[in-house]
Each structure stands twice: as C-alpha cells, then as structure tokens.
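Visitor: Need a 3D model of the following:
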Amino acid sequence: MRAVALAALLLVGLTGCEGAAGPPGGGPSASPGTAPPHACLTVEPRHLELCTAYVANATAAARYPYYQLGHSTNRTLADAATSRLRSRYADQAYQYLVRQTAGWPSDVKVDLPNIRIDSVTVPADARSAVLRTHESWRVEDDAGRVLFVETNRAHVITLRRVPGVLVDKWVVTTIQ
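Guide: So this is what the prediction gives:
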C-alpha cells in the first residue's frame, strides 16, 4: 500500500496528472463536467498502473536516459540507454525516437520533461491502452543550440501489455 501511495504522489506532484477519466471499461465519459480531477488517480482498472508505466518506466527510466546517453562516445553507456529504450518502446514509437535523435551530438543537456496525462482509455480486454497527454521537453547541445523542444504539446500514446513471467509490463507502441 505504501508503494501505491508513493506512486500516486509522484504522478500528481511531478507530472500534473489530471483531466477526465471515462467510465469503467475506458469508454468516453457521459458528463465530462463530473470527471475526477486526476485521470491517473481513479478506481478505474489499470489507470494508475498505466500512468506509472508511461511516466516512470517509459519516460523517466528509458526515454530521458536515451536522450542523454543514446549517442554517448562511451559505447557501454550508449548501448545500455538504447537497450533500455528498446525494452519500453516498440514499433512506431521506437523508430520515431531513434529518427528524432539521429543527428544529435554525443553531449546533450536534457531538461526534465513535464507530462500531464489528461485521460486514460483501457478497452475491456486490457491488452492495450491509450493515454492522451500534454508534454513539454527541451534538449540542447553543449553550445546551447536547441535540438528538440515542445511546449505543452498534445500527444496520443498507445501502449501494449506484454505478458511477463511474474508481472506484465506496458510498452509504448505509438506516439502521435
């Protein structure tokens, strides 16, 4: 229970998880004016799990380090960052990030991203999910030249559940 409370605190405090969440099963809400204030902090099936998977596992533990170290001259660091990215991003999402960073130099400065999750949609079979987010990112080279910036940009993130031996994991498959 302590881990759930900590995850909830991190999601609200660091990402501004908020917005509308649909009714059970992930369908659209009949009355958006009565939606809970935090899309991730609902009793809806898998919402907190999915928000944690995207913000903590995919973004903080895979995408952010890949942006910082994916083109490092230290091959061990670069390979580890790429391997971690590949473990949390697949298909179009992985290719999108690799293409995005293709021309980046080895040394970059990456600001911590700001991610607001507006909604979480989970179909009845719970094998996939869609997150609607607003994200801000900034990446610069050592000279201060901006390599990538987006401010409060809307995204639609698709995740796929991957069965595991003990616990399933969620992998990002598309970023739109």
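
Visitor: low pLDDT regions in this protein?
Guide: 1-38, 42-43 (pLDDT under 70).

Visitor: Can you pull the phi/psi pair for the residue of it most remote from its centre?
Guide: Most distant from the centre of the chain: Ala143, at 28.1 Å, with distances by Cα atoms, centre = their mean. Backbone geometry at Ala143, expressed as degrees, to the nearest 10, gives phi -90, psi 0.

Visitor: Number the chain from 28, please
Guide: Got it, the first residue is 28 from now on, which makes the last one we talked about Ala170.

Visitor: What are the contacting residues of the longest strand along the chain?
Guide: Longest strand in the chain, counting residues (DSSP state E): strand 173-189. With contact meaning Cβ atoms under 8 Å, 6 or more residues apart in numbering, strand 173-189 is reached by 77, 80-81, 85, 94, 117, 120, 127-128, 131, 135, 153-168, 195-203. To be clear about C-beta, it is placed using only N, CA and C from the backbone, and glycine gets the same treatment.

Visitor: Leaving aside the residues adjacent along the chain, what's closest to Pro140?
Guide: In space, Pro140 comes closest to Trp164 once its chain neighbours are excluded; the distance is 4.9 Å by Cβ to Cβ, 6 or more residues apart in numbering.

Visitor: Pick out the residue closest to the middle of this protein.
Guide: Tyr81 (3.2 Å).

Visitor: and it, that's in a strand?
Guide: No: assigned with DSSP: H, G, I helix; E, B strand; the rest coil, Tyr81 falls outside any strand and is helix.

Visitor: Spit out the contact partners of it.
Guide: So Tyr81 contacts 142, 144, 158, 160, 184, 186, 197, 199 (Cβ under 8 Å, 6+ apart).

Visitor: how near is the last one to Ser99?
Guide: Distance check for Val199 against Ser99: by Cβ to Cβ, to the nearest Å, it reads 22 Å.
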